[in-house]
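Trainee: Structure of the sequence below:
(one chain, ligands or ions: 2)
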Amino acid sequence: MVVATQVNPIRMEKNREVEIPVIDLSANRSKVAKLIVKACEEYGFFLVINHGVAHHIINEMEDESFEFFDKPLPEKERVGSANPFGYGSKNIGLSGDTGELEYLLLQTNQNSVANTSKFSCAVSSYVESVRELACEILELIAKGLGVPHSFFSHLVRHFDSDSLLRLNHYPPVTHCFHRGTIGFGEHSDPQILTLLRSNGVPGLQISLRNGLWYPVSPDPHAFCVNIGDILQAMTNERFVSVRHRVMANSSPNRSRLSMVFFGAPPPEAIITCPPQLLERNKPLYRAFTWAEYKLHTYAHRLGETRLDHFKIT
Ligand SMILES: O=C(O)CCC(=O)C(=O)O
Ligand SMILES: [Fe+2]
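Mentor: Ligands and ions are numbered 1, 2, ... in the order given. Next comes the predicted model:
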């Protein structure tokens, strides 16, 4: 008789005083769904392992990203400035935020990444795989919350989904480095769900409800999952979007590279909380579209709690 091995779907990562949940996606679905919901409620953040995204797809995306950032500045600038898609350096957004990084922002619409260059092929394969992973996690969340299977995931699977891929490159900061130098300032991600994969160089920190900052140990085999503002609104604050930041890269000779997929709704999607999640509670946010939220987000500083504007008072 063959006995299936029991996979323990969770281990806790000791990280100063906080233990960030690491969830094994190959374990029993019902168990995993419950653990994900618990992690979303307690942290708005967790790591997933055995996620099914092929190593060669991740490695090719990483190699292509390094190749891009290694190019001379004028060549990088030739792709256009990040307004909204393209290359940016130090300036984040249009409201005066800055950080010790350079980045490339790419649209992920099914039609926009169709190209034959090596870079575009790496982007298409990566985006296709991480989009699938994001939808799988959103479906597990739906299962754990008792809402229809594709209630969240259909927004990210939609042909017009406004999902983004952001490649962040943090070169070592050797000049005037001090312990508090910021690589990417404090914020929550505006979209539904973020999947972040970084190389082995540290820097990411999350802030929990106690207001303290906790470093996240880099694990190139895992994806970090961040709950975004839209999921906070759609769950009527049962989940809270996690505030996070990146410290400047203090390692003497290695760059930090993160590849960040933001799963977003189509622009015209109306964001509301489903009745199953309201129970007897009143909705905390008025209905709004993703286009409206994005416009509001772009007009404000990175660190602002931008969802407050949509709160019913
Ligand atoms: O680069 C990172 O690790 C995080 C960056 C981030 O939070 C973002 O791009 O929204
Ligand atoms: Fe972020």
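
Trainee: Could you pull up the residues touching the spatially most central residue of the chain?
Mentor: Among the residues of the chain, the one closest to the centroid is residue 194, at 2.1 Å (Cα atoms, centre = their mean). The contact partners of residue 194, by Cβ atoms under 8 Å, 6 or more residues apart in numbering, come to 224, 225, 226, 228, 260, 261, 262, 263. Using the backbone N, CA and C atoms, a C-beta is placed for each residue, glycine as well.

Trainee: try 7 Å
Mentor: Taking Cβ atoms under 7 Å, 6 or more residues apart in numbering, we find residue 194 in contact with 226, 228, 260, 261, 262.

Trainee: Same check on residue 47?
Mentor: Taking Cβ under 7 Å, 6+ apart, one finds 20, 22, 23, 219, 222, 223, 224 in contact with residue 47.

Trainee: so how far is the helix or strand where it lies off the chain centroid?
Mentor: Residue 47 is located in strand 45-49, with elements delineated by DSSP states H and E. Put simply, strand 45-49 sits 11 Å off its chain's centre (Cα atoms, centre = their mean, to the nearest Å).

Trainee: What's the mean pLDDT across stretch 121-137?
Mentor: Averaged across stretch 121-137, pLDDT comes to 97.

Trainee: how would you label residue 217: helix, strand or coil?
Mentor: coil (DSSP: H, G, I helix; E, B strand; the rest coil).

Trainee: Report the secondary structure state of whichever residue of the stretch 101-250 of the chain sits closest to ligand 1.
Mentor: Here the stretch 101-250 of the chain gets closest to ligand 1 at one residue, residue 168, 3.8 Å apart by Cβ to the nearest ligand atom. Following three-state DSSP, residue 168 is assigned to strand.

Trainee: looking at this structure, which helix or strand does the model trust least?
Mentor: For the chain, counting by mean pLDDT, DSSP states H and E, strand 10-15 ranks last in confidence among helices and strands (a mean of 57).

Trainee: What is the subsequent helix or strand relative to it?
Mentor: Per DSSP H and E, the helix or strand that comes after strand 10-15 is strand 18-24.

Trainee: Please save the CA atoms from the helix or strand following that following strand in PDB.
Mentor: Later in the chain than strand 18-24, the nearest helix or strand by DSSP H and E is helix 29-42. C-alpha atoms of helix 29-42 as PDB (Å, rounded to 0.1, in the frame of the first residue of the first chain):
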ATOM      1  CA  ARG A  29      -5.900  22.800  -0.500                       C
ATOM      2  CA  SER A  30      -8.400  23.200   2.300                       C
ATOM      3  CA  LYS A  31      -5.700  23.400   4.900                       C
ATOM      4  CA  VAL A  32      -3.700  25.800   2.800                       C
ATOM      5  CA  ALA A  33      -6.700  28.000   2.200                       C
ATOM      6  CA  LYS A  34      -7.300  28.400   5.900                       C
ATOM      7  CA  LEU A  35      -3.600  29.200   6.600                       C
ATOM      8  CA  ILE A  36      -3.600  31.800   3.800                       C
ATOM      9  CA  VAL A  37      -6.700  33.500   5.200                       C
ATOM     10  CA  LYS A  38      -5.100  33.500   8.700                       C
ATOM     11  CA  ALA A  39      -1.900  35.000   7.400                       C
ATOM     12  CA  CYS A  40      -3.800  37.700   5.500                       C
ATOM     13  CA  GLU A  41      -5.800  38.600   8.600                       C
ATOM     14  CA  GLU A  42      -2.700  38.700  10.900                       C
END
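
Trainee: So which bits of helix 29-42 are buried?
Mentor: Across helix 29-42, burial judged by 16 or more other Cβ atoms under 10 Å covers 32, 33, 34, 35, 36, 37, 39, 40.

Trainee: and the two most separated of those?
Mentor: 32 and 40 (12.4 Å; Cβ to Cβ).

Trainee: Run through the stretch 201-313 of the chain and note the low-pLDDT ranges.
Mentor: Residues of the stretch 201-313 of the chain meeting the criterion pLDDT under 70: none.

Trainee: For it, list the residues in contact with ligand 1, please.
Mentor: Contacts of the stretch 201-313 of the chain with ligand 1, taken as Cβ under 6 Å from any ligand atom, map to 204, 244, 246, 258, 260.
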